Structures are given as structure tokens and as C-alpha cells.
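Chemist: can you look at this prediction? I've put the sequence above it.
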Amino acid sequence: MKLNDIVMASDKAKGARPYFFDDPMTERVMNIAMAVAAEVAVLRERIDTIERLLEAKGVLKQSEIEEFVPTDEQAEERQLWHARYASRILRIVKQEFDAVAFPENNKPMHQIANEINEM
Amino acid sequence: MGDNKQVMSGYSLPPVWTKLKQHAAFPRFTHDERARYNFLANLNRYLATVIAPGVQVAYEQRVEPAFKAEHGRSFQSRHELRDAISRDPYYQLWAALRRCTMEMRQQNGRAAVLRQAEELAQRVEKLLEGNEAILRLKPGFVVPAYLRHVDNHLMPGSYHTEYFEGDVSNAANYDSGLFVTSGGMLGSLTDGGGRAIAKWVRENYPDFKPKRILDVGCGLGHNTLPLAEAFPEAEVWAIDAAAPMLRYGAARTIALGVKNVRFVQMDAEDMSEFPDGYFDWVQTTMFLHETGGKAIHKIFREIGRVLAPGGLTLHIEQPQYTPEMSYFEQFMRDWDAYYNAEPYWGHMHDLQPEDLLEEAGIPRSHFLQVGVRAVNDLDNSNGVQTREDYGRSPIWNVFGGWKPR
């Protein structure tokens, strides 16, 4: 019998879940962040495995990775990736900044709806 | 950080998950599933050794002083202390993280075993083929109410749930994941408790030659097998209420080549199929705190009945809460009762073991109690003392006694 492992894996245990933070929502966000942290560790371990297998097969040495210095062109590409990554991660903060900086673009949607109704 | 001793003595790492013995009944994990468990074992070790000590600091420096200032006295119970410390932000952070790691461990374990549930069941069935005498399940068996009432250790479905006929996924999840909670301190077969008790009995009672041994609430038998191996001449009976655990445990026993154990589905409150005085040794290992307030007394009466005069009964548990134990320590040890879904833990540890043993026909004059530490073949601590992780460390209280002849 094939089980729905994707859904069942995250079943809740019997009994009400205790929340330790004053605001349960904060604790839920922390739980999501910890799960993502786990996946980062999993990726790190996978890359470590790849590096060690490549070293064992004589493709590269881990020390070459440690000593790697990118060319100017490579460095540019990598820095660009980091910048875009930062932008993705901190999207909500940047958007909060926009909200403060441009109040005319930060009206509640029901107000906009009423305004559009007059247009 | 205020604890220089800890800095000076270094940091002890848990073993990697692949050190667990991959016996023939064991679930197969992918690279990333193994890595998830390695992450969690390390996170638990860090929480226990670096973060948890801060809870005591917060308690001593602000929780208790604030309570004293307000009430003019200190705490009078661990329950009063729980109410107060639950408002401390450092405690909240530690507790939220500890709960989080427990839930992640269950999620990760279930994700790994449920995707291969069919294959696991087939593998177990194949191991059992031709070895049917090792396992007796009872159609229509009613699982005790205390077991149905809670998902122990936050395992959805607890020990007894079968998702289909022949399913062992919850047992396989338990077998492959206890490593994470214990930080690998129970050894490559997660049997450090059983090994400890077998060693202690052999060392202290070298002339003891039990003919029949009973392990009550054996689960998947990980602590039963060390007894069977230490006493190969003995006939070892392992009983439990949960079919998936028994089925998986029997297959695991075959896979590990142990011959003198049989698994029977039975409610420990009614062992009437065993005659009076049938066993020379009756054992429970980390079982009693997962029973119930009425059941435990019936279980001890049954243990007393099936135990032969001159026989031995031993029970491995966490330390009982005694007046000498501080309320803070009681509270920390009680944490799992409330927040790791082991609700009977607290009540059970309030009982006096001498009273329980009396119910099994062991008079106070014959009562014995010792502390034992897990026998761990994966110990790589290099002498670094790992801090006590309240209620999770592989150090136990053993109580029991010899039944008068």
C-alpha cells in the first residue's frame, strides 16, 4: 500500500501544541527558520561529500577549493549572485522601507478600491 | 559565557548516524536523510551543552529572585516554578527550540520511513518467513487506553498504529531516530540501557543463571537482546502491546542472529497466559513512565505473580523525584512530561519505587536501587564530560529486588 508520505510526514501528535513564546506566530516563524537551517546543513554535507569523492577520484583537492581565488570576471558574477540573493532574502524589509519612503504608494487597498470606483 | 570549565574541557561531538548498525530490517536512508539526522543530533548536543545551562542561570539570577521579591518565599512545588519560569524569555527560547527539534526529528524520520513503508513491510515479512515461532500477534487485540490516549514522544500514531496490514513504519522510525534524541549516546544498536543492566547483573550476581527472562513493554526489543545475549541459555520472552514494534523487533532479532527471544503481543496488566512463578527475572526498561496511573499497579501485581520465588525484578527509569531533588531539577526533568508528550512521566516519578515493589511482593528489606550508565560502543567523548541533558542523558535509576523464597 502506497502511503501519502508527503502529507503524513508532517502529521501532528495528539494533544495541544504548547507555545513558549508570548506570540505563537513568532514561534511558528522560528520553526520554519530552523527547518530551513536544517536544509542548509544538509546541502553543506552533500557538497562536502561531493568534494571528498572528487578528491578520492583525483579530480580536485579540497585544498584547491580553499585556495581558490576567482578571476575578476568570475568575482563579478559571484558578487552579483550574492547581491541578488540578499535582495531575495531581505525583500520584506526593503518593501517596508518603500512603505515608509513613499506613503502615497502605501494606501490601504480598500481606500484604493474606493478611489478607483470614482475613476 | 560564564562556564569556563566547559570551555577548558573542550566540546564532545555526537557520532554520525551511519555508525548505527544497518541491520537487515533497518530502513534505508538517502544521503540527505542521514544528513538531516546528523544536523539534529548536533543541534540537540549544542542545545543540551551550551544553551540549556543558561536556563539555570536565568532561573537563579532572575526567575527565583523575582518570585521571592513578590511572594516573600521561594517555590513550594515544581508546578509553581513552571508557571514562573514560563514567562522568562531565555527559558522560552530554549524550550521552543527543544520542542522544535523534537518535532523536526519526527517529521524527518516519518518522511524517510513512510516513503519506503511498503518495502520495509516486505523485508520484515521475508525475514520472518520460516521463523514464525519468534512472533505471536493476536488478532483483535485491544491496545491499552493509556497508549491510545497520547502519541508518546510526539510520534504521530505512537507505537501501535499500523497504516496498513503488516506495516512497521512507526517502529522503523523509532529505531532509526532514537539516535537523534539521545545524541548517539545509546550505542550503535540503541541498546545502551539493556547492555548496562545485563553488565550490572552479571557483575553483581555472577551465580545468577535465569532459566526464563521476561521483558515487559519491550518495544522493538532493543534493550531485550542484550539480556538474551548475556544469558544465551535463558528463554527470553518479550511482550508489548504494539504490533508494529513486535513485528519489526522480531525481524530485527532474526537479522541480528539472536536465537533465544520470542515476541508476544500482550497487555502487561493481564499476563494470565503465564503461570505463577514462571520467570526468574522480570525486567522493564524505560517502560513504566509510558503506562498509566491505574495500569502501573496492576502491572506490578502481575510482575509479582509471574516472578518465581528467589527471582529478580529490575526496572530502569529516570531518577524519582525525591524531597532532596531541587524543584528546579524536578521541573527540568519533568519537561518531557509536558512538552515531549510523555504525560505520565511526572506522576510516575512522584511514586515511591519501594511501594511499587511491595505490590509485586518484594518487601522493603529486599528493595535495591542503583544508578547505571549506558554501555555505549560509540562513545567518542574522549573523556569530555557531557552535561546532563535533563531526562535525556544515558544515566538511569534502576530499582527492583529479589523476591523472597
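Modeler: Thanks, I have the structure now.
Chemist: contacts, neighbours, all on C-alpha from now
Modeler: Will do.
Chemist: give me phi/psi at B:Arg99?
Modeler: The phi and psi values for B:Arg99, taken as degrees, to the nearest 10, are phi -60, psi -40.
Chemist: and it, how far from chain A?
Modeler: 9 Å (CA to the nearest CA, to the nearest Å).
Chemist: same question for B:Gln106.
Modeler: For B:Gln106, the distance to chain A - CA to the nearest CA - is 8 Å.
Chemist: ok, that residue touching B:Gly157?
Modeler: No - in this structure, B:Gln106 is not within contact of B:Gly157 by CA atoms under 8 Å, at 11.1 Å.
Chemist: more neighbours: which of these two?
Modeler: Shown here are B:Gln106 and B:Gly157; by other CA atoms under 10 Å in any protein chain shown, B:Gln106 has more neighbours (26 against 19).
Chemist: A helix includes B:Gly310, no?
Modeler: No - looking at B:Gly310 with DSSP: H, G, I helix; E, B strand; the rest coil, it is strand, so not inside a helix.
Chemist: that one: what's it in contact with?
Modeler: B:Asp280, B:Trp402, B:Lys403, B:Pro404, B:Arg405 (CA atoms under 8 Å, 6 or more residues apart in numbering or on different chains).
Chemist: per-residue pLDDT, it?
Modeler: For B:Gly310, the pLDDT comes out at 97.
Chemist: for chain B, see how far away the residue nearest the centre of chain A is.
Modeler: In chain A, the centroid-proximal residue (CA atoms, centre = their mean) is A:Ile89; its distance is 6.0 Å. In this view, A:Ile89 and chain B are 22 Å apart by CA to the nearest CA.
Chemist: contact residues of chain B facing chain A?
Modeler: By CA under 8 Å from any CA of the partner chain, the residues of chain B that approach chain A are B:31-32, B:35-36, B:39-40, B:86, B:89, B:92-93, B:95-96, B:100, B:104, B:106-111, B:114-115, B:117-118, B:149-151, B:154-157, B:163-164, B:339, B:341.
Chemist: buried subset of these?
Modeler: Neighbour-count burial (16 or more other CA atoms under 10 Å in any protein chain shown) applied to the residues of chain B next to chain A gives B:32, B:35-36, B:39-40, B:86, B:92-93, B:95-96, B:100, B:104, B:106-111, B:114-115, B:117-118, B:150-151, B:154-157, B:163, B:339, B:341.
Chemist: keep only those of the residues of chain B next to chain A that are in helices.
Modeler: B:31-32, B:35-36, B:39-40, B:89, B:92-93, B:95-96, B:100, B:104, B:106-111, B:114, B:117-118, B:339 (DSSP state H).
Chemist: how about the strands in the stretch 201-350 of chain B?
Modeler: For the stretch 201-350 of chain B, the strands defined by DSSP state E, counting those that start in this stretch occupy B:212-216, B:235-240, B:261-265, B:279-285, B:307-317.
Chemist: which element is A:Leu54 on?
Modeler: Per DSSP states H and E: A:Leu54 is located in helix A:24-56.
Chemist: show me what whichever helix or strand comes after that helix packs onto, helices and strands only.
Modeler: Next helix or strand after helix A:24-56 toward the C-terminus (DSSP H and E): helix A:62-67. Helices and strands touching helix A:62-67, by 3 or more CA pairs under 8 Å, 6 or more residues apart in numbering or on different chains; DSSP states H and E, are helix A:24-56.
Chemist: starting at the chain centroid, how far to the helix it packs on?
Modeler: 11 Å (CA atoms, centre = their mean, to the nearest Å).
Chemist: for that helix, packing partners?
Modeler: Using 3+ CA pairs under 8 Å, 6+ apart, helix A:24-56 sits against helix A:62-67, helix B:31-46, helix B:89-114.
Chemist: pLDDT score for B:Met8?
Modeler: pLDDT at B:Met8 comes out at 44.
Chemist: same thing with B:Ser393?
Modeler: The per-residue pLDDT of B:Ser393 was computed as 70.
Chemist: neighbours of the closest residue to it other than its chain neighbours, how many?
Modeler: Among residues not flanking B:Ser393 along the chain, B:Ser182 sits closest, at 6.9 Å (CA to CA, 6 or more residues apart in numbering or on different chains). Neighbour count of B:Ser182, defined by other CA under 10 Å: 19.
Chemist: give me the pLDDT for B:Ser182.
Modeler: 84.
Chemist: surely it meets B:Ile395?
Modeler: No - at 11.1 Å, B:Ser182 does not count as touching B:Ile395 under the criterion of CA under 8 Å.
Chemist: tell me, what's touching these two both at once?
Modeler: Joint contacts of B:Ser182 and B:Ile395 (CA under 8 Å, 6+ apart) do not exist.
Chemist: right, and B:Val370 touches B:Val398 too?
Modeler: Yes - between B:Val370 and B:Val398 there is a contact at 5.2 Å, judged by CA under 8 Å.
Chemist: ok, the two, which is more surrounded?
Modeler: Taking neighbours as other CA under 10 Å, B:Val370 and B:Val398 compare with B:Val398 leading, 21 against 12.
Chemist: identify the bridge partners of that one.
Modeler: Beta-bridge pairing for B:Val398 (DSSP bridges): B:Ile316, B:Val370.
Chemist: identify the residues contacting it.
Modeler: With CA under 8 Å, 6+ apart, B:Val398 has these contacts: B:Leu314, B:His315, B:Ile316, B:Glu317, B:Gln369, B:Val370, B:Gly371, B:Val372.
Chemist: which of those residues sits closest to chain A?
Modeler: B:Glu317 (23.6 Å; CA to the nearest CA).
Chemist: any idea of the pLDDT on the closest one?
Modeler: 91.
Chemist: surely it is in contact with B:Ser393?
Modeler: No - counting by CA under 8 Å, B:Ser393 is not a contact partner of B:Glu317; they are 11.4 Å apart.
Chemist: domain ranges for chain A?
Modeler: A:20-68, A:69-119 (automatic domain parsing).
Chemist: count of neighbours near residue 44?
Modeler: No chain in the question, so chain A it is. Neighbour number of A:Arg44 under other CA under 10 Å is 13.
Chemist: chain B is the one I meant
Modeler: Count around B:Asn44 with other CA under 10 Å applied: 23.
Chemist: for it, what are its contacts?
Modeler: B:Asn44 neighbours (CA under 8 Å, 6+ apart): B:Arg98, B:Thr101, B:Val180, B:Thr181, B:Gly183.
Chemist: of those residues, which is the nearest to chain A?
Modeler: B:Thr101 (8.5 Å).
Chemist: which SSE is immediately downstream of the helix or strand of chain A with the lowest mean pLDDT?
Modeler: Ranked by mean pLDDT, DSSP states H and E, the weakest helix or strand in chain A is helix A:91-101, scoring a mean of 86. Sequence-wise, the next helix or strand beyond helix A:91-101 is helix A:109-117, with elements assigned using DSSP H and E.
Chemist: now that following helix: average pLDDT?
Modeler: 91.
Chemist: distance between that helix and the chain's centre?
Modeler: 34 Å.
Chemist: buried ones in that helix?
Modeler: Going through helix A:109-117 with 16+ other CA under 10 Å, nothing comes out buried.
Chemist: can I get it as CSV, trimmed to CA atoms?
Modeler: The C-alpha coordinates for helix A:109-117 follow below in CSV (Å, rounded to 0.1, in the frame of the first residue of the first chain):
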residue,chain,number,x,y,z
MET,A,109,-6.4,48.6,-0.7
HIS,A,110,-10.0,49.4,0.4
GLN,A,111,-9.1,53.1,0.0
ILE,A,112,-7.6,52.4,-3.4
ALA,A,113,-10.8,50.5,-4.3
ASN,A,114,-13.0,53.4,-3.3
GLU,A,115,-10.8,55.8,-5.3
ILE,A,116,-10.8,53.6,-8.4
ASN,A,117,-14.6,53.4,-8.1
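Chemist: other SSEs contacting that helix?
Modeler: Secondary elements touching helix A:109-117 (3+ CA pairs under 8 Å, 6+ apart): none.
Chemist: in stretch B:158-177, what counts as buried?
Modeler: In stretch B:158-177, counting by 16+ other CA under 10 Å, buried: B:158-163, B:166-177.
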